[in-house]
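> have a look at this prediction, sequence included:
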Amino acid sequence: PEVPNCPPSLCSDISPLLKDPAAFRTLIDLLEDHLRASFPKIDFIAGLDSRGFLIGPPLAQRLGIGFVLIRKKGKLPGPTESISYALEYGKAELEIQSDAVEPGQKVVIVDDLLATGGTMCAACELLARLKAEVLECLVIIELKLLKGSEKLKSIPFYSLLQYD
């Protein structure tokens, strides 16, 4: 559901899904089934700050793999790799710990929503700098009108729900 008079990319509300244990379990089931059918080996799930942190850990646990954080700049300890990028409503920076993944490790990036694709593209670039292989970018909701998935170019993309 969306909040009236609010841009969809800011107000797509996943809280009803999080409040309902059966619905949330079904969401994780669907994502797990998709990933198991698509990829024989995944090393890590990488979650985007902040709602990717809600989906990523239970999904990683189901798959028996680790979870790594991609956060807003200044939130992670230790050496980090960072990137600046444009949002539909301004500019932002993301970072990942420099030792979060090793070269060649296979990663799926998760978030709740894909709008313009700026944040997801920045996350892909961060992982590329660490020489990880991004297998797929996965979201619950895609706002197709904003064409964010087109920015991902050759990186596979999956969304459960698409809105025009």
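On my side now, so go ahead. Small disclaimer: the values here were computed from a predicted structure and weren't measured.
> what's the average pLDDT for stretch 63-80?
Mean pLDDT, stretch 63-80: 98.
> buried stuff in it?
Neighbour counts over stretch 63-80 (16 or more other CB atoms under 10 Å) mark 63, 65-71, 76, 80 as buried. (Each C-beta comes from the backbone N, C-alpha and C, glycine too.)
> let's see the top strand by length along the chain as PDB, backbone CA atoms only.
Longest strand of the chain, by residue count under DSSP state E: strand 133-143. Only the C-alpha atoms of strand 133-143 are listed here, as PDB (Å, rounded to 0.1, in the frame of the first residue of the first chain):
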ATOM      1  CA  GLU A 133      30.400 -11.100  -8.600                       C
ATOM      2  CA  VAL A 134      26.900  -9.600  -8.400                       C
ATOM      3  CA  LEU A 135      24.600 -12.500  -9.400                       C
ATOM      4  CA  GLU A 136      21.400 -10.500  -9.100                       C
ATOM      5  CA  CYS A 137      19.600  -7.500  -7.700                       C
ATOM      6  CA  LEU A 138      16.400  -8.500  -6.000                       C
ATOM      7  CA  VAL A 139      13.600  -6.300  -4.600                       C
ATOM      8  CA  ILE A 140      10.000  -6.800  -3.400                       C
ATOM      9  CA  ILE A 141       8.600  -3.800  -5.400                       C
ATOM     10  CA  GLU A 142       9.700  -2.300  -8.700                       C
ATOM     11  CA  LEU A 143       8.300   1.000  -9.900                       C
END
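> tell me which other helices or strands that strand touches.
helix 21-38, strand 106-114, helix 118-129, strand 157-163 (3 or more CB pairs under 8 Å, 6 or more residues apart in numbering; DSSP states H and E).
> what is the first one packed up against?
Helix 21-38 is packed against helix 15-19, helix 52-63, strand 133-143, strand 157-163, with contacts defined by 3+ CB pairs under 8 Å, 6+ apart.
> recalculate using a threshold of 10 Å.
Here helix 21-38 touches helix 15-19, helix 52-63, strand 106-114, strand 133-143, strand 157-163, going by 3 or more CB pairs under 10 Å, 6 or more residues apart in numbering; DSSP states H and E.
> fine by me, thanks again.
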